[in-house]
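J.: give me coordinates for this.
(one chain, ligands or ions: 1)
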Amino acid sequence: EIYLNGMTGAVPRLPTDLTRLEELAGHRLGPGPVGYVAGSAGSGSTARANRAALDRWRIVPRMLRDVHERDLSVEVLGRPLPAPLALAPIGVLSIMHPDAECAAARAAAARGVPYILSSASSTPMEQVAEAMGEAERWFQLYWAKDRDVTASFLERAKAAGYTALIVTLDTPLLAWRPRDLDQAYLPFLHGVGTANYFSDPAFRAGLAKPVHEDPNAAVMHFVGMFADPAKTWPDLAFLREHWDGPIVLKGILHPDDARRAADAGMDGVVVSNHGGRQVAGSVAAADALPRVVEAAGDRLTVLFDSGIRTGDDVFKALALGARAVLLGRPYAYGLGLEGQAGVDHVIRCLLAELDLTLALSGHAGPGSLTSDDLIRDSA
Ligand code: FNR
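T.: Below is the predicted model of the structure:
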């Protein structure tokens, strides 16, 4: 479609190379918000390692395999999806665009791509659900210190039609992020990303005064309770008790942690280092993937994120054993640049490139990919 439009002289409004969106967004939206989205932990070495690890794998295309009819669909956590893609949970999206999470969720819904709503969204979960109609949505939990708030979030998410729970484990504390520290830019401190909390009865019950009477105290209450570095594996029983649907642990990098997840009755894991935003010097997510896939066996659904920018990145993650990938920063830039249409552009480009990469490499769909389709570049 993009090529055919090109015949009429109509060029796309945004670049089709998604790696160019960050710079463009930086020009249009300024360094504060885009710096926050682009930023990583420490010197940025983990985010660079994520890209380098994907680049080291090279695709070995196969010929003459009849790829004229193709199908990107997969089954993930028992649900049929049109493609092996979901939008990663990204909090505070109102710093990128006033329509924030609702615009991103609508774009995902229109393509049948699951939208994972962050606990730290700038829009309450019920409002995002309403914007999506019946479309597939999952809820990402920042596992609060306060059990009542956690239980209340799970109840609300269930009532609002979120089908899977994604529990992010890699953020018991916010990491050392020099870009934000140097600019003293942390959206939370301005009350951005607190919508689910400020609208929650259990959260409000913990405040001395209503949010509107003392917003600063409410923000500080949020900062003090949104995560909990004291949690351990047995605590997962609480989540299992309060959530009937699939539970997926996000931020798993070690094979033993994958085994523990399966032992604890979890349904899946996301191999992720939070896009390089948490542990500076962490193993690249793609380097961690094969060992986690092996440990998971057929006990867990393995998803992947951190560094996905192109169709061939998706191909590689699937060939290494991921069932589907989550896309992070590129859709946030698309949102910042063009709202819902920008997110739609990002999803379409990524899936079109994946489709072509599969076809040109001899695959009619993701189902036939194996690690034999890749070779490790030793250079
Ligand atoms: C994130 N991520 C994230 N993860 C999560 O579980 N809950 C959250 O609220 C957020 N918020 C968030 C904000 C911003 C600005 C970014 C960039 C990332 C991490 C996200 O879900 C995902 O793991 C990474 O973005 C994937 O890496 P890439 O695709 O950005 O390289």
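J.: OK, contacts around G42?
T.: 175-176, 178, 280-281 (CB atoms under 8 Å, 6 or more residues apart in numbering). All C-beta atoms are positioned from the backbone trio N, CA, C, and that covers glycine.
J.: dump the residue contacts of the most centrally placed residue in the chain.
T.: Nearest to the mean C-alpha position of the chain, counting by CA atoms, centre = their mean, stands A88 at 1.6 Å. Counting by CB under 8 Å, 6+ apart, A88 makes contact with 116, 275, 305, 326-328, 331.
J.: am I right that E155 sits in a helix?
T.: Yes: assessed with DSSP: H, G, I helix; E, B strand; the rest coil, E155 lies in a helix.
J.: what sits against it?
T.: By CB under 8 Å, 6+ apart, E155 lies in contact with H242.
J.: so what does V302 have for phi and psi?
T.: Main-chain dihedrals, V302, degrees, to the nearest 10: phi -100, psi 120.
J.: how about the residues of the stretch 201-350 of the chain by the ligand?
T.: 250, 272, 274-275, 277, 305-308, 327-329, 332 (CB under 6 Å from any ligand atom).
J.: so which of those wins on neighbours?
T.: The most crowded member of those, judged by other CB atoms under 10 Å, is S306 (32 neighbours).
J.: for that one, which non-adjacent residue is spatially closest?
T.: A285 (3.6 Å; CB to CB, 6 or more residues apart in numbering).
J.: got the contact list for I59?
T.: I59 neighbours (CB under 8 Å, 6+ apart): 312, 315-316, 319, 357, 361, 373-374.
J.: try it again with 6 Å
T.: S361 (CB atoms under 6 Å, 6 or more residues apart in numbering).
J.: now do A109
T.: 132, 135.
J.: surely A288 and H254 touch.
T.: No: the pair A288 / H254 is not scored as a contact, 7.4 Å apart, by CB atoms under 6 Å.
J.: quick one: the residue in the stretch 151-300 of the chain positioned nearest to the ligand and P89, what's the gap?
T.: Going by CB to the nearest ligand atom, the ligand is nearest to G275 of the stretch 151-300 of the chain, at 2.7 Å. Distance of G275 to P89, given as CB to CB, to the nearest Å: 11 Å.
J.: same question, F238
T.: Applying CB to CB, the value for F238 to P89 is 20 Å.
J.: and the contacts of A88, which of them are in helices?
T.: Y331 (DSSP state H).
J.: just give me the closest of the contacts of A88 to A157.
T.: Within those, the smallest distance to A157 is 11.2 Å, found for I116 (CB to CB).
J.: beta partners of that closest one?
T.: Beta-bridge partners of I116, counted by DSSP bridges, are W138.
J.: got the contact list for it?
T.: Applying CB under 6 Å, 6+ apart, the residues near I116 are 86, 89, 138, 140, 166.
J.: now the helix or strand harbouring the first one: average pLDDT?
T.: Using DSSP states H and E, A86 sits in strand 85-87. Averaged across strand 85-87, the pLDDT comes to 98.
J.: list the contacts of that strand.
T.: By CB under 6 Å, 6+ apart, strand 85-87 touches 108, 113-116, 326-327, 331.
J.: now with 7 Å?
T.: Contacts to strand 85-87, defined as CB atoms under 7 Å, 6 or more residues apart in numbering, come from residues 104, 108, 113-116, 324-327, 331, 350-351.
J.: where along the stretch 151-300 of the chain do the strands fall?
T.: Ranges of strands within the stretch 151-300 of the chain are 164-168, 247-252, 268-271, based on DSSP state E, counting those that start in this stretch.
J.: next to the ligand, which bits of the stretch 51-200 of the chain? Give me the list.
T.: Counting by CB under 6 Å from any ligand atom, the stretch 51-200 of the chain sits next to the ligand at 88-91, 118, 120, 140, 168.
J.: hang on, the residue nearest to S306 packs against N50?
T.: Yes: using CB atoms under 7 Å, A285 makes contact with N50 at a distance of 5.5 Å.
J.: got any residues that touch both of those two?
T.: With CB under 7 Å, 6+ apart, A285 and N50 have common neighbours 273, 306-307.
J.: off-centre distance for the strand holding A86?
T.: Centre-to-centre, strand 85-87 and its host chain are 7 Å apart (CA atoms, centre = their mean, to the nearest Å).
J.: check which element follows the one helix or strand A49 maps to along the chain.
T.: For A49, the host element (DSSP H and E) is helix 45-56. Later in the chain than helix 45-56, the nearest helix or strand by DSSP H and E is strand 57-59.
J.: okay then, goodbye and thanks.
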